[in-house]
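K.L.:
Coordinates only, no sequence provided:
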């Protein structure tokens, strides 16, 4: 069994703490009970080696033996293949986890993260493009709402798809974007009440606070 | 060998033709030489069965025997597991394809598609949020540029990661967003010159034109 090493920044400003994407990886590792170490790279200066591991100069990446993986979605799938606490082993079950994982990252987050950029920047100007973007997110949440009202988790048992979707939706919730979508909000509450999330979040907060 | 069935709309307006996401699936199927049929669902009325296959009321989805898969990323991975013309079989090679597939859909398209919503809507108002969004796309393209200047394809041989990334970038190119990123533009040209893309695009155009 090789050492799993999660690499994240040494420090980040207050605002993103608790929301840096290494939390998706920490959460999955805790759910799976896989032992891992956390490695830090500087937030302020990103060198060539950083870009060799993560071509956008971001975090996290995961090292598993001689394989280094960036993109939280790819890391979640990799860990899913190592633990059936994260992904079922039958083809249909795996297929459902994969489609919902991509749904979280390509259908929902593609609307929600740009939306949060506008909210975060305090921008209140209603322009045609902004209206498109608001409608885009509203449509996505509108489709998620009846699904999450009916299901505890997206693809049968809890899986990496829920880690991605819950993390995507909790950022919307942070900016008060789930007020009219109670089933989405309840889902976030249900997911983030899991002991593995609680530990992952506390560990991330402690990690960044240690560098203050 | 089960029948592969690709489901798309029966018709779409002129504007999205050639860019509807079924093209990613057509392209992959053509690259792999896998036989498939195309099934249509109404663009104007989307019924409960449509939502049962695609929870956001969109297209495409792929049926493979008794498994139905939505999300172009999940479909590409599924097809990748069926053909090594789309994804290598060694663990490191597969891992690289996966990270670049997620990079296309979660790091680049998350910036580029919302950006294109603003351009498409003719919105020219510079607001703080808009500046964030422009900077987001510019940063992503800035990191892709040296990578695509050096490599023919993202993860060794041509793969589903290139299908996703090239399709994401060609929408930016359509709205003239690659003018200062020649390596990105050349990559799009290189990818879309492949006979499989040319056929996939022609087939999509013919499909939608047939319903006019």
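P.N.:
Cool, got the structure. If you're wondering where the values come from, they're calculated on a predicted model, not measured in any experiment. Residues are numbered from 1 along each chain as shown, chains lettered A, B, ... in the order given.
K.L.:
what about residue A:168, which SS state?
P.N.:
Three-state call for residue A:168 (DSSP: H, G, I helix; E, B strand; the rest coil): helix.
K.L.:
Let me know how buried it is, in neighbour terms.
P.N.:
23 (other Cβ atoms under 10 Å in any protein chain shown). Yep, even glycine has a C-beta here, placed from its N, CA and C like the rest.
K.L.:
can you give me the helices in chain A?
P.N.:
Along chain A, the segments classed as helices by DSSP state H run A:22-32, A:48-53, A:72-82, A:91-102, A:109-120, A:128-150, A:160-174, A:182-192, A:195-209.
K.L.:
These: which one's closest to residue B:65?
P.N.:
helix A:91-102 (9.5 Å; Cβ to Cβ).
K.L.:
Say whether chain B is contacted by the closest one.
P.N.:
Yes - Helix A:91-102 reaches chain B (Cβ under 8 Å from any Cβ of the partner chain) through A:91-92, A:95, A:98-99, A:101-102.
K.L.:
now that helix: how far from the chain's centre is it?
P.N.:
16 Å (Cα atoms, centre = their mean, to the nearest Å).
K.L.:
Ok, stretch A:53-66 next?
P.N.:
Distance of stretch A:53-66 from its chain centroid, counting by Cα atoms, centre = their mean, is 15 Å.
K.L.:
neighbouring contacts of that stretch?
P.N.:
With contacts defined as Cβ atoms under 8 Å, 6 or more residues apart in numbering or on different chains, stretch A:53-66 is touched by A:2-9, A:20-22, A:24-25, A:39, A:41, A:46, A:50-51, A:68-70, A:72, A:75, A:78-79, B:92, B:103, B:107, B:139-140, B:143-144, B:147.
K.L.:
could you flag which of those are buried?
P.N.:
Buried subset of the contacts of stretch A:53-66 (neighbour count, 16 or more other Cβ atoms under 10 Å in any protein chain shown): A:4, A:6-9, A:20-22, A:24-25, A:41, A:46, A:50, A:68-70, A:72, A:75, A:78-79, B:103, B:107, B:140, B:143-144, B:147.
K.L.:
Per-residue pLDDT of residue A:101, please?
P.N.:
For residue A:101, the pLDDT comes out at 98.
K.L.:
Return the residues in contact with it.
P.N.:
A:73, A:76-77, A:160-161, A:164, B:74.
K.L.:
want to throw these into JSON lines with distance to residue B:171, pLDDT and neighbour count?
P.N.:
Formatted as JSON lines, the contacts of residue A:101 follow (distance: Cβ to Cβ, whole Å; pLDDT from 0 to 100; neighbours: other Cβ atoms under 10 Å in any protein chain shown):
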{"residue": "A:73", "distance to residue B:171": "20", "pLDDT": "98", "neighbour count": "28"}
{"residue": "A:76", "distance to residue B:171": "26", "pLDDT": "98", "neighbour count": "29"}
{"residue": "A:77", "distance to residue B:171": "25", "pLDDT": "97", "neighbour count": "27"}
{"residue": "A:160", "distance to residue B:171": "28", "pLDDT": "98", "neighbour count": "32"}
{"residue": "A:161", "distance to residue B:171": "26", "pLDDT": "98", "neighbour count": "26"}
{"residue": "A:164", "distance to residue B:171": "23", "pLDDT": "98", "neighbour count": "27"}
{"residue": "B:74", "distance to residue B:171": "20", "pLDDT": "98", "neighbour count": "23"}
